[in-house]
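S.K.: Let me see the structure of the following:
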Amino acid sequence: MARIKQIDVFFSLCIATIWMLTTACQPNTAASATEEIGVEPEKPALQTGAEQMDAYLPMLTGKRVGMVVNHTSHVGDRHLVDTLHARGVAITRIFAPEHGFRGEADAGASIADGKDRTTGAPITSLYGTTKKPTPEHLTDLDLVVFDIQDVGVRFYTYISTMTYVMEACAEQGIPFIVLDRPNPNGHYTDGPVLDPAYSSFVGMHPVPVAHGMTVGEYAQMVNGEGWLKGGVQADLSVIKCTNYTHDTPYELPIKPSPNLPNMRSIYLYPSLCFFEPTTISVGRGTDKQFQVLGMPKASFGDYTFMPIPKPGARKPKHEGRECTGYDLTSLPPDSVRQWAGLNLTYLVDIYQSMEDKSSFFTSDSFFDKLAGGPGLRQKLTSGASAEEIKASWQSDLEDYRAMRSKYLLYP
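M.R.: Residues are numbered from 1 along each chain as shown. Now for the predicted structure:
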């Protein structure tokens, strides 16, 4: 009997050992299934600064808040102003940039003051006779919040508005909070660096056309480089995006302005905006804004279109006239993004194709403002190639990138 018991114990131990070894060697079913079908683990979702409410709501509690916002200032499907108002935040004043609070005005059109129907707060235009808040606009505010989707281009005026509001807040000792958003053109820097002698509302600072920064990073640079009037320093806070890098593709959920209707136009905008002070239409007054190029009786291209008044372009260039040129809507947005730099080929080729080159520029001075100086126009008219023009600004770009690196919040 004793021997039988010993054998039973021996076999029990063997069975237990085999069971443990078998269990230990079993693969992780979920991991194996994932590996077998080649599915990568789900990445954490990108969130904008505005979505990080736990990070900034305590800063707003009990405060009289000014908001620099427009139609892109959403959390989900609701405007940030409405969201904060519903949470008891005292929205005391709203500042409206170019295109207005609801984003429907033409580029360059003056914005009128008004009153917000939800909060009852006064709306102060910063795109009319006043571009910088006056001390009177700030007397009843404890802090100001900026939340606008930018596209990362020097002549896109939202960063100029941000600069003026920062400056006004700094002068009055009022904290300024930026709720950061991704830069859809943040994966590269390119273009001529602005000569401060050509500073204007379409380019205030010595940065390239595509500056490669979010608005939060840009605000830090403006503050850190002493670019506010008199060298004043803003009491600046930036609520960062989460799970974002400069290489992260980001499709804007809301078009940032009336004439940038989709991602293709946003990617083409840094390269095509140079046509604005020329006789060439970029499609304002069509449904392909910043995706077509043409003029009446053009000697280039075979695509035709006719600009007509539309919201955001009530008096388009060449209104009611048939234009001939190029249709760029065949370019996949991803392929345009992969240019990762300005494409001057269209500008150079179209200029060279003009029989009467003296009629190409409709405003030399405005072209130079967009370019940040006369260099681009001078090289274009001298017959320089796109490659030669781009080579001319590389040294300045390297200096800029070194400065930019001090203010980056994201890899």
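
S.K.: what's Leu236 in contact with, if anything?
M.R.: Leu236 makes contact with Met166, Pro175, Phe176, Ile177, Val178, Ala219, Gln220, Asn223, according to C-beta atoms under 8 Å, 6 or more residues apart in numbering. For glycine as for every other residue, the C-beta is placed from the backbone atoms N, C-alpha and C.

S.K.: Farthest pair within these?
M.R.: Across these, no pair lies farther apart than Pro175 and Gln220, at 14.6 Å, counting by C-beta to C-beta.

S.K.: Which one's more surrounded, those two?
M.R.: Gln220 (20 against 17; other C-beta atoms under 10 Å).

S.K.: Quick check: nearest residue in space to the more buried one, chain neighbours excluded?
M.R.: Spatial nearest neighbour of Gln220, excluding adjacent residues (C-beta to C-beta, 6 or more residues apart in numbering): Tyr407 at 4.3 Å.

S.K.: before we move on, what about Val348?
M.R.: Ala386 (4.8 Å).

S.K.: Do me a favour and get the backbone dihedrals for that neighbour.
M.R.: phi -60, psi -40 (degrees, to the nearest 10).

S.K.: Quick check, it in contact with Thr345.
M.R.: Yes. Here Ala386 lies in contact with Thr345, judged by C-beta atoms under 8 Å, at a distance of 5.1 Å.

S.K.: Between these two, point out the one with more neighbours.
M.R.: Of the pair Ala386 and Thr345, Ala386 is the one with more neighbours under other C-beta under 10 Å, namely 17 against 12.

S.K.: Mind pulling the model confidence for that one?
M.R.: Ala386 carries a pLDDT value of 98.

S.K.: Report the contact partners of it.
M.R.: Asn343, Leu344, Thr345, Leu347, Val348.

S.K.: Just the buried residues out of the residues you listed, in ChimeraX syntax.
M.R.: To isolate the buried members of those in ChimeraX, using 16 or more other C-beta atoms under 10 Å:
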select :343,344,347,348
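
S.K.: Which of the contacts of Ala386 fall in helices?
M.R.: Thr345, Leu347, Val348 (DSSP state H).

S.K.: Quick one: neighbours of the nearest residue to the second one once chain neighbours are set aside, just the number.
M.R.: If I follow you right, that is Leu347. Distances taken as C-beta to C-beta, 6+ apart place Phe274 nearest to Leu347, at 5.5 Å, with adjacent residues excluded. The number of residues packed near Phe274 is 23, by other C-beta under 10 Å.

S.K.: For the spatially closest residue to Pro296 that is not a sequence neighbour, grab phi and psi.
M.R.: Nearest residue to Pro296, sequence neighbours excluded (C-beta to C-beta, 6+ apart): Arg321, at 4.8 Å. Phi and psi for Arg321, reported as degrees, to the nearest 10, are phi -110, psi 140.

S.K.: got it, and Glu171?
M.R.: According to degrees, to the nearest 10, Glu171 has phi -70, psi -30.

S.K.: For it, which residues are in contact?
M.R.: Applying C-beta under 8 Å, 6+ apart to Glu171 gives the contacts Pro135, Lys229, Gly230, Val232.

S.K.: Next: Gly152.
M.R.: Residues near Gly152 by C-beta under 8 Å, 6+ apart: Asn183, Pro184, Asn185, Gly186, Ala210, His211, Gly212, Met213, Thr214, Pro270.

S.K.: Those: which two are farthest apart?
M.R.: Thr214 and Pro270 (15.8 Å).

S.K.: where do the helices sit along the stretch 251-400 of the chain?
M.R.: 263-272, 333-337, 345-353, 364-371, 375-381, 386-391, 394-404 (DSSP state H, counting those that start in this stretch).

S.K.: Which among the ones you listed is found nearest to Pro41?
M.R.: Closest of those to Pro41 is helix 333-337, at 23.2 Å (criterion: C-beta to C-beta).

S.K.: Give the other helices and strands that that closest one contacts.
M.R.: For helix 333-337, the packing partners by 3 or more C-beta pairs under 8 Å, 6 or more residues apart in numbering; DSSP states H and E come out as helix 263-272.

S.K.: average model confidence for the helix it packs on?
M.R.: 98.

S.K.: now for that helix, which elements pack on it?
M.R.: helix 333-337, helix 345-353.

S.K.: what are the phi and psi values for His79?
M.R.: Dihedral angles (degrees, to the nearest 10) for His79: phi -70, psi 140.

S.K.: That one touches Met67, doesn't it?
M.R.: No. The criterion here is C-beta under 8 Å, and His79 misses it with Met67 at 10.0 Å.

S.K.: Need the residues touching each of the two.
M.R.: Residues touching both His79 and Met67 (C-beta under 8 Å, 6+ apart): Ser73.

S.K.: More neighbours: those two, which one.
M.R.: Met67 (29 against 22).

S.K.: For the helix or strand containing the more buried one, buried residues please.
M.R.: Using DSSP states H and E, the element containing Met67 is strand 64-69. Residues of strand 64-69 classed as buried by neighbour count (16+ other C-beta under 10 Å): Val65, Gly66, Met67, Val68, Val69.
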